[in-house]
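> Give the three-dimensional model of this entry:
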Amino acid sequence: MSVDGRKTRQRPAAADQQLVELWLNSLWLEKGLSDNSRASYQRDLWQYAVWLNTRNTGLLQAGRSELQSYLHWRLEQQLKSSSTSRLLSCLRGFYRFLLRERYLDVDPTLNLDNPRPARPLPKTLSEEEVERLLAAPDCSDVLGLRDRAMLEVLYASGLRISELVGLQLEQVNQRLGVIRVVGKGDKERLVPVGDEALRWIERYLQQSRGLLAQNTREEGLFLSQRGQMMTRQAFWYRIRRYAVESGIDKPLSPHVLRHAFATHLINHGADLRVVQMLLGHSDLSTTQIYTHVANHRLQSLHREHHPRG
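Below is the predicted model:
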């Protein structure tokens with residue numbers, strides 16, 4: 001049985017229909033309810049009443065637990081969150097009316113929150129896909145060498161794209177192997193980049209940057225063909241091009257490499273607090289999503305390779 005939107009043709013019990021009509025009539029008298037609003041409110045309440053009927057209860061008998069179950073049911077059906085928010089507003093108005101008219105002693109919608117959908121897992125790349133992406137630029141070309149250095153730094157450090165294109169020469173300490181990053185809220189953090197990324201930075205500085213700088217005094221690390229600092233949009237375009245060239249058939253952005261950086265660190269045993277510091281997250285809960293990515297990957301590998309998966 002479906003009670004989703006206009007698909008349902010079932011009617012609630014007569015007693016529930018009467019309660020809905022009473023409320024709608026009161027709204028028409030008190031607020032001049034439009035026909036469209038009336039139809040919308042009636043549809044929402046009828047759907048809920050029909051759902052309750054399958055559980056052998058009605059609008060007056062339903063309590064907080066039934067309301068929560070219904071909201072979670074809608075979440076599982078992947079109905080729009082906007083329509084669920086509208087429904088919750090409708091239910092609050094309806095039950096406040098029943099409380100006022102003394103049909104009820106307790107408002108079941110009191111302190112009831114709209115359940116939030118599960119946070120989607122961030123898109124990421126496998127280690128093999130990252131290697132293919134990193135190898136895509138033509139390093140015999142001035143711009144290709146710059147792009148390889150940018151990709152290596154992005155994957156080695158997990159920087160945000162705005163942090164990457166905003167890097168200044170003086171922020172890179174090649175002797176210590178760290179980058180001083182100015183992140184959100186002007187918070188500074190030191191991020192290690194590793195020997196491989198440092199080698200590509202050094203090669204870029206020796207072979208490409210001088211040609212791109214064109215005798216300007218630009219202090220940005222990564223420069224465009226015009227000798228100006230790279231923009232996020234320009235690098236986004238370049239990285240998508242390399243994704244196509246390397247046969248990566250999925251939507252790709254610079255942020256996906258940031259996700260890959262964090263996920264691969266956790267896959268290899270990095271402490272969550274360390275990853276939080278490297279990413280510049282102020283709240284550990286933001287970083288915890290990557291443990292879900294790692295677990296999801298492990299489950300996929302188990303299903304694919306275990307004989308009883």
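> residue contacts, H264?
By Cβ atoms under 8 Å, 6 or more residues apart in numbering, the contact list for H264 reads E127, V130. Backbone N, C-alpha and C define where each C-beta goes, glycine included.
> name the element A149 belongs to?
Under the criterion of DSSP states H and E, A149 resides in helix 142-157.
> Extract the CA atoms of that helix and return them as CSV.
Extracted C-alpha coordinates of helix 142-157, given in CSV (Å, rounded to 0.1, in the frame of the first residue of the first chain):
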residue,chain,number,x,y,z
VAL,A,142,55.0,24.4,-18.5
LEU,A,143,51.4,24.3,-17.5
GLY,A,144,51.4,20.5,-17.2
LEU,A,145,54.3,20.6,-14.7
ARG,A,146,52.5,23.2,-12.7
ASP,A,147,49.3,21.1,-12.6
ARG,A,148,51.2,18.0,-11.5
ALA,A,149,52.7,20.0,-8.7
MET,A,150,49.3,21.3,-7.7
LEU,A,151,47.7,17.8,-7.8
GLU,A,152,50.6,16.4,-5.7
VAL,A,153,50.3,19.1,-3.1
LEU,A,154,46.5,18.8,-3.0
TYR,A,155,46.6,15.0,-2.4
ALA,A,156,49.6,15.1,0.0
SER,A,157,48.1,17.8,2.2
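> right, and the helix or strand after it?
helix 161-165.
> centre of the chain versus that next one, how much separation?
Between the centre of helix 161-165 and the centre of its chain there are 19 Å (Cα atoms, centre = their mean, to the nearest Å).
> Run through who's touching it.
Residues contacting helix 161-165 (Cβ under 8 Å, 6+ apart): 150, 153-154, 181-183, 220, 222, 229-232, 235-236, 253-255, 258.
> and if we set it to 10 Å?
Residues outside helix 161-165 that contact it (Cβ atoms under 10 Å, 6 or more residues apart in numbering): 150-151, 153-154, 157, 159, 171, 179, 181-184, 189, 191, 220-222, 224, 229-236, 239, 253-255, 257-258, 280.
> Is it possible to mark the buried ones in the residues you listed?
150-151, 153-154, 157, 159, 171, 179, 181-183, 191, 220-222, 224, 229-230, 235, 239, 253-254, 257-258, 280 (16 or more other Cβ atoms under 10 Å).
> so how many other residues sit close to Q68?
Per other Cβ atoms under 10 Å, the neighbour tally for Q68 reads 14.
> I'd like the distance from the helix holding A149 to the chain centre, please.
So, by Cα atoms, centre = their mean, the centroid of helix 142-157 is 25 Å from its chain's centroid.
> Now do that helix: which elements does it pack against?
helix 127-134, helix 161-165, strand 178-182, strand 188-192, helix 194-204, helix 210-213, helix 232-245, helix 254-267 (3 or more Cβ pairs under 10 Å, 6 or more residues apart in numbering; DSSP states H and E).
> Identify each buried residue in the fifth one, please.
By neighbour count with 16+ other Cβ under 10 Å, helix 194-204 contains the buried residues A197, L198, W200, I201, Y204.
> what angle sits between that helix and strand 188-192?
Inter-element angle recorded for helix 194-204 and strand 188-192: 100 degrees (by axes from the mean of the first three to the mean of the last three Cα atoms, to 10 degrees).
> Check the first one too.
Taking the same axes, to 10 degrees, helix 127-134 and strand 188-192 form an angle of 100 degrees between their directions.
> Give me the local confidence score for the closest residue to P192 other than its chain neighbours.
Excluding its sequence neighbours, the residue lying closest to P192 (Cβ to Cβ, 6 or more residues apart in numbering) is V178, at 5.3 Å. On the pLDDT scale, V178 is placed at 91.
> before we move on, what about E131?
94.
> just checking, it touches E196?
No - using Cβ atoms under 10 Å, E131 makes no contact with E196, being 11.4 Å away.
> Mutual contacts of the two, please.
Contacts common to E131 and E196, judged by Cβ under 10 Å, 6+ apart, are Y155.
> Give the other helices and strands that the helix or strand that contains Y41 contacts.
Element membership for Y41 (DSSP H and E) is helix 35-53. Applying 3+ Cβ pairs under 10 Å, 6+ apart, one finds that helix 35-53 contacts helix 14-31, helix 64-76, helix 81-100.
> Tell me which of those lies nearest to S126.
When these are compared by Cβ to Cβ, helix 64-76 sits nearest S126, at 29.7 Å.
> Out of the buried residues of helix 194-204, which is nearest to A62?
Out of those, the member with the shortest distance to A62 (by Cβ to Cβ) is A197, at 59.0 Å.
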